[in-house]
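Student: I'll drop the sequence and a predicted model, then ask my questions.
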Amino acid sequence: MSYDEVAADPLSNPVGGPDPDDNIIHLFWLQGMGCDGCTTALLAANRPSLEEMVLGTVPRIPRIILHHPMLDDDSGPDFMSAYRQAVEGTLGAPYVVVLEGSIPDDQSFPGEGYFAALGVAADAPQGMRATGRPDQPLRVSDWAWAMARRAEACFSIGTCATWGGIPAAAGNITGSMGFMDYLGREYRSARGLPVVNVPGCAPIGDNFTETLMQVLLYFDGAVKLPEFDELGRPEWMFAETVHRHCMKAGYYEEGVFAHEPGDNECLVEIGCWGPVVQCNITERGAINHTGGCMIAGGACIGCTMPGFPDKYSPFYKAPPGSAVSGTVSRIYGGGIRRLRRLSMTAGNHTPIWDRADHIPSAWGIAAGQKTPAQKVNAYFYKKLQYKGTVNHSARNKKQPQPGSRDILKQKGVDMSASVPVLGERVVTREEL
Ligand code: SF4
Ligand code: SF4
């Protein structure tokens, strides 16, 4: 049953989408040199969630048949048979490949050695290198190479799979690398796509499921090919820096900096790389639009970036560039901050309090009167603010005070007399 047929008769299908058996795609998960954090991130996604994609309830995208070494019900030969069919071209349905963790350079081993494995020689598809005993593990690097050929699309999830990440850091004895490095510049999927990269350590789960959904919608013809940047990242997620959307950016602008993690202020002087790191966690949050590095008081250590972690370490030191930008921000921001405090003080007065020169609050700091400097500042500020428009400040000054007992009492007004108040004659109800 097609999607249009279902749309015309929604009751024909309880989930309101195409018949799941007509519209499926297999998703083969490969785990290289990683920590399973990307799988955890995937499980936390909710726009869309993995469950929605597996149940086929996302309109216009096929129901996903997930093959995941950690999440699958099956194990052993039962689990491996679909992988083998995919390589041999007998699966009978399209598939995509998702790599979590980096690809180790175990291809350079002459014999049976491996760093990351999936299945054993007895599960090997025809043509895949499987030497030695039937229980000899098969290399993930062999699976990745063999499966990428027929895949509709290949995805890297997380920084290890995209750029090499932690396994590829200095001292990289496994020769680890990203999926893109391994498949090479010329690689294209069966649908003509280079590897799609969704970095992060761990990534935001929604970043991955949304990207997968967009690509599947493109395959369906529902949308144009989403925009990817020159490194294969979803452009709409990774074009902006962390800093631009950081909730602490106002502190940076005013030159106020944290002394230790967890402080409210901007974290740049204790190692935040946010001004130069492309990541959307400050817009999207970590899970379900909540949390994230700066919300938790943590500095950005550049985990989405190529070259992480070495290019952003040591994590406890401020980035060298922050000495220049931080100093400029301190000087410029310090002046701006003081001017803003003046305006804030003026802004914390109602016109009634201004006229009475008194705040009827028992909360210490609010009870003080404006200083002469503040009055002068407020005068010129209002002049500029209302220039060319209705001057509400002047109108307010002419307003008679309300009959608040406290304010009038402070000004020594006889409460038994109704007029005049503060030099203004109160218009009686009858005159109005
Ligand atoms: S904490 Fe980092 S990202 Fe946020 S404003 Fe400071 S430098 Fe920018
Ligand atoms: S803000 Fe920085 S450390 Fe946090 S997820 Fe983004 S890139 Fe990684």
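Tutor: Everything's here; your move. No experiment lies behind these values; they were computed from the predicted model shown. Ligands and ions are numbered 1, 2, ... in the order given.
Student: how near is the residue of the chain found nearest ligand 1 to residue 304?
Tutor: Using CB to the nearest ligand atom, the closest approach of the chain to ligand 1 is made by residue 274 at 2.3 Å. Where C-beta positions appear, they are placed from N, C-alpha and C, glycine not excepted. According to CB to CB, to the nearest Å, residue 274 and residue 304 sit 11 Å apart.
Student: can you check residue 272 too?
Tutor: Taken as CB to CB, the span from residue 272 to residue 304 is 14 Å.
Student: So what touches the strand ranked longest in the chain?
Tutor: Counting residues, the longest strand in the chain under DSSP state E turns out to be strand 24-31. For strand 24-31, contacts defined as CB atoms under 8 Å, 6 or more residues apart in numbering pick out 39, 56, 62-71, 82-83, 86, 91, 93-101, 116, 118, 140, 143-144, 147, 151-152, 212, 216.
Student: May I have the residues that are in contact with the closest residue to ligand 2 within the stretch 101-250 of the chain?
Tutor: Relative to ligand 2, the nearest point of the stretch 101-250 of the chain is residue 242 (4.5 Å; CB to the nearest ligand atom). By CB under 8 Å, 6+ apart, the contact set of residue 242 is 273-275, 277-279, 281-282, 293-294, 300.
Student: Distance-wise, check it relative to residue 157.
Tutor: 20 Å.
Student: follow-up on the earlier one: ok, and does the very next helix or strand once past the longest strand of the chain reach over to ligand 2?
Tutor: Proceeding N to C from strand 24-31, the next assigned helix or strand is helix 37-44, under DSSP states H and E. No: Helix 37-44 lies out of reach of ligand 2 by CB under 6 Å from any ligand atom, never closer than 10.6 Å.
Student: Spit out the contact partners of the residue nearest to residue 248 when sequence neighbours are not counted.
Tutor: Nearest residue to residue 248, sequence neighbours excluded (CB to CB, 6 or more residues apart in numbering): residue 266, at 4.6 Å. By CB under 8 Å, 6+ apart, the contact list for residue 266 reads 246, 248-249, 251-252, 256-258, 272.
Student: Between those residues, identify the one with the most neighbours.
Tutor: Top of those by neighbour number is residue 272, holding 29 neighbours under the definition other CB atoms under 10 Å.
Student: Can you give me the buried ones in stretch 354-373?
Tutor: For stretch 354-373, burial by neighbour count (16 or more other CB atoms under 10 Å) applies to 354-356, 358-359, 370.
Student: Check the contact between the residue of the chain closest to ligand 1 and residue 251; I expect there is one.
Tutor: No: with contacts counted by CB atoms under 8 Å, residue 274 stays clear of residue 251, the gap being 11.9 Å.
Student: Phi and psi next, for residue 161.
Tutor: Dihedral pair for residue 161: phi -70, psi -30, per degrees, to the nearest 10.
Student: how about the nearest residue to the residue nearest to the spatial centre of the chain, chain neighbours excluded?
Tutor: Geometric centre of the chain, nearest residue: residue 281, 2.5 Å, by CA atoms, centre = their mean. Leaving aside its chain neighbours, residue 281 sits nearest to residue 292 (4.3 Å; criterion: CB to CB, 6+ apart).
Student: Just say helix, strand or coil for that neighbour.
Tutor: coil (DSSP: H, G, I helix; E, B strand; the rest coil).
Student: before we move on, what about residue 339?
Tutor: Residue 339 ends up helix, using three-state DSSP.
Student: Can you report how many residues lie near it?
Tutor: Using other CB under 10 Å, residue 339 has 11 neighbouring residues.
Student: Likewise for residue 276?
Tutor: Residues near residue 276, counting by other CB under 10 Å: 16.
Student: what pairs with the nearest residue to it once chain neighbours are set aside across the strands?
Tutor: Using CB to CB, 6+ apart and skipping residues adjacent in sequence, the residue nearest residue 276 is residue 241, 6.4 Å away. Beta-bridge partners recorded for residue 241 (DSSP bridges): residue 278.
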